[in-house]
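>>> Model the following, please.
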Amino acid sequence: MTRLTKIRRSYALALIAIVALVAAACSGTSEDPGAGQVEVAHYYGSDLGQQGILDVNATFEAGEAVVSPIEHEAFKDQILVALAGGEPPDVFSYWAGARTQSVFENGHLRPITQVFDNADVWNNFPQALVDAGIHGGEPHLLPFGFHYVAFFYNPHVMEAAGVTSMPTNSQEFIAAAQQIAASGVKPIALGSMNRWPAQFWFDFLILRTAGPDYRAKLMSGEASYTDPQVVAAMELWKQLVDAGFFVDDANAYTWTDAADQVANGEAAMTLMGTWITGYWNGIGLEPVTDYDFFNFPVLDPAVENAALGPIDGWALSADAANPEGAMLLLEHYADPGNQLTWALEQGALPPNSNADTTQLNPVMAKALVEVGKADSYSFNYDLATPPPVAEVGLDMFQAFMDDPSGYADLLSSAQSDAQAAFAG
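Modelled structure (predicted):
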C-alpha cells in the first residue's frame, strides 16, 4: 500500500467516523429531542397551585423544565412584552379564548399539532375543550385545567343563620341573604382590587337574564352596553349592593382576602372559580365540612343554564429556542396522571377524560357533574371579549363597586370606549 493510498484510506475512515457521529447525534435527537432545558413561564403563584406545576415538572424525564413563575397580574403584561421582544419562554401558560386568539393573531404562537397527535388530545379531551385550543384551523393551546364559577360558601355560617337549603332562584337567594344579614354576617364577600373577580357578577347577571347568545353578541361588539338587557342586569346588581349584601369597600380586597373573609366567618359566600378550593385546602379547610358551593340561581326559567369559567392551557412560543423539547413537555402536560396531579393541587378539573376523577374531593366532583349538566359553557368576561375591550369592562366593574348609583353613565362610557377598542 502506497503512502498516498494510506493517507486516502485514513481520510476516508476519519470521514466515516465523523458521519457516524453526526448520524448518532441526529438519531439521539430524534429519540430524545427534548434533551436539554425547556424554558417555562406561568402565572401560578403559591395561592394558585405553584407546587402542582413543580410536581408535574419533576417527572419530566425527556429534559429539564426551567420554570419562571410570575405573579398573576404582572404576567398579563410581562408575557406580551417577552413575546413581542422575540425572546419569550419556550412554553407559557395562557387562558383559552380571546387572549389566546389575540397572541395567535399577532403571530406569537407555534402550532402544536404534533402534541395533539402524539397525546391523542383529539380523542382524550372533550370536544369543547379541544375546540378551545384551535386557532386558524390548528391547535395552538393545550388545555391543562378548567374551572367552574359558583357561590362558594361557609357551611358553618349558613347553619348559624338558619339557611338549611341553598337557594336555586332569585327569590330564595334574596331570602337567604336577608337571613344571613340578620345574623350579623355579610352575605357576600368580593375582593375586586384587581378588577377581575367582579366580572363574574356581570357575566352571570347577563347569562341568567339575557342568555348566552345575547352575551356572545355583546362580547363581539354586535350588541351595546347601553342595551336594555345590560341595563337590567346592572340594576339587579345595584339592588344587591344597595341592600347591604356585599362587604364594604370590595375594591380594597383581593380575591384571597374575600376567600379569607368567607373562611373565617366574616362573610357567608363569594362568587368565585373552583381554584378557591385549592386555596382553602392549602390553609387547612375541609371540603363539605368547611366549604361547599351552589350554582348561581336561576333568574329566568326560560333562559338556558350556562356554566361559566376559564380554561387554563399551555402554548408554544413562535420564537421558542427549544421547540422540540417544548413539544415533549407539552405531551407530558397532556398526560392524564399529570393533569390530575395539577388538578388536585390547584383546585381545577382535568381536561383529559382518562384522568382518575374518583380522586377529586366531593366538592370538586360535584363541580364536574354540574359542568356536565349545563346547557352550555361560557368563558368569563375577560376571556370572552378582545383584551382591549376587556380592559374597558373590568374598569367599569370596579368603578361600579365604588358607586353603583352611576351605572348608567358607566355603561355609556363603556360603550364608547368599547366601540373605539373594537375599531382598533
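>>> Helices along the stretch 201-350 of the chain, start to end?
212-220, 228-242, 255-263, 275-282, 323-334, 336-346 (DSSP state H, counting those that start in this stretch).
>>> pLDDT on the longest one, on average?
What it means is helix 228-242. Averaged over helix 228-242, pLDDT sits at 98.
>>> what angle separates that helix from helix 212-220?
Following axes from the mean of the first three to the mean of the last three Cα atoms, to 10 degrees, one obtains 90 degrees for the angle between helix 228-242 and helix 212-220.
>>> May I have helix 228-242 exported as CSV, CA atoms only?
Provided in CSV are the C-alpha atoms of helix 228-242 (Å, rounded to 0.1, in the frame of the first residue of the first chain):
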residue,chain,number,x,y,z
PRO,A,228,-81.9,47.3,27.9
GLN,A,229,-80.6,43.8,28.7
VAL,A,230,-77.4,45.2,30.1
VAL,A,231,-79.1,48.0,32.0
ALA,A,232,-81.5,45.4,33.6
ALA,A,233,-78.5,43.3,34.7
MET,A,234,-76.7,46.3,36.2
GLU,A,235,-79.9,47.3,38.0
LEU,A,236,-80.1,43.9,39.6
TRP,A,237,-76.5,44.1,40.7
LYS,A,238,-77.1,47.6,42.1
GLN,A,239,-80.1,46.4,44.1
LEU,A,240,-77.9,43.7,45.8
VAL,A,241,-75.3,46.2,46.7
ASP,A,242,-77.8,48.8,47.9
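>>> when you give positions from now on, start the count at 385
Yes, from this point I'll number from 385; that puts the last item at helix 612-626.
>>> just checking, what packs against that helix?
helix 583-591, helix 771-786, helix 791-807 (3 or more Cβ pairs under 8 Å, 6 or more residues apart in numbering; DSSP states H and E). Every residue, glycine included, has its C-beta placed from N, CA and C.
>>> what's the average pLDDT for the last one?
The reference is to helix 791-807. 97.
>>> Repeat that for the first one.
Averaging pLDDT along helix 583-591 gives 98.
>>> cool, the second one as well?
The pLDDT scores in helix 771-786 average 98.
>>> buried residues in that helix?
Across helix 771-786, burial judged by 16 or more other Cβ atoms under 10 Å covers 771, 773-778, 780-785.
>>> re earlier: could you save the helices and strands packed on helix 612-626 as CSV and add columns showing distance to Ala652?
As requested, those are exported to CSV (distance: least, Cβ to Cβ, whole Å):
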stretch, distance to Ala652
helix 583-591, 16
helix 771-786, 18
helix 791-807, 25
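>>> wait, which of those helices is closest to Trp621?
Closest approach to Trp621 among the helices and strands packed on helix 612-626 (Cβ to Cβ): helix 583-591, 5.7 Å.
>>> what distance separates the closest one from the centre of its chain?
Its chain's C-alpha centre and that of helix 583-591 lie 16 Å apart, by Cα atoms, centre = their mean, to the nearest Å.
>>> before we move on, what about stretch 447-455?
Chain-centre distance of stretch 447-455: 18 Å, with Cα atoms, centre = their mean.
>>> Now do the buried residues in that stretch.
Gly447, Glu448, Ala449, Val451, Pro453, Ile454.
>>> from those, which ones fall inside strands?
Among these, the members falling in strands (DSSP state E) are Glu448, Ala449, Val451, Pro453.
>>> Looking at those, which one is closest to Leu574?
Minimum distance to Leu574 across these is 26.2 Å, recorded for Pro453 (Cβ to Cβ).
>>> So what does Arg592 look like in phi/psi?
For Arg592, the backbone dihedrals (degrees, to the nearest 10) come out as phi -80, psi -10.
>>> Test my guess that it contacts Asp684.
Yes. Shown here, Arg592 and Asp684 form a contact pair, counting by Cβ atoms under 8 Å, at 6.5 Å.
>>> Just the pLDDT at Phe629, thanks.
98.
>>> Then the one 3 residues further on?
With respect to pLDDT, Asp632 has a value of 97.
>>> ok, for it, nearest residue in space, not its chain neighbours?
Lys570 (8.0 Å; Cβ to Cβ, 6 or more residues apart in numbering).
>>> re the thing from before, now distance to Ser701 and pLDDT too, for the buried residues of stretch 447-455, in CSV please.
Converted to CSV, these look like this (distance: Cβ to Cβ, whole Å; pLDDT from 0 to 100):
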residue, distance to Ser701, pLDDT
Gly447, 16, 95
Glu448, 17, 96
Ala449, 14, 96
Val451, 15, 93
Pro453, 17, 89
Ile454, 15, 92
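>>> so what's the closest residue to Trp585 other than its chain neighbours up against?
Nearest residue to Trp585 in three dimensions, chain neighbours excluded: Trp621, at 5.7 Å (Cβ to Cβ, 6+ apart). Going by Cβ atoms under 8 Å, 6 or more residues apart in numbering, Trp621 touches Trp585, Phe586, Leu589, Phe784, Pro788, Tyr791.
>>> do Ser604 as well
Going by Cβ under 8 Å, 6+ apart, Ser604 touches Thr769.
>>> I figured Ile463 hits Tyr478, correct?
Yes. Counting by Cβ under 8 Å, Ile463 touches Tyr478, with 7.5 Å between them.
>>> Looking at the two, which is more packed in?
Tyr478 (27 against 24; other Cβ atoms under 10 Å).
>>> next one: phi and psi at that one?
phi -160, psi 170.
>>> which intervals of this structure have sub-threshold pLDDT?
The model of the chain has pLDDT under 70 over residues 385-419.
>>> Show me the domain layout of it.
421-531+694-738, 533-692+763-807 (automatic domain parsing).
>>> nearest to Ala751, of these?
Using Cβ to Cβ, the nearest of the domains of the chain to Ala751 is domain 533-692+763-807, at 5.3 Å.
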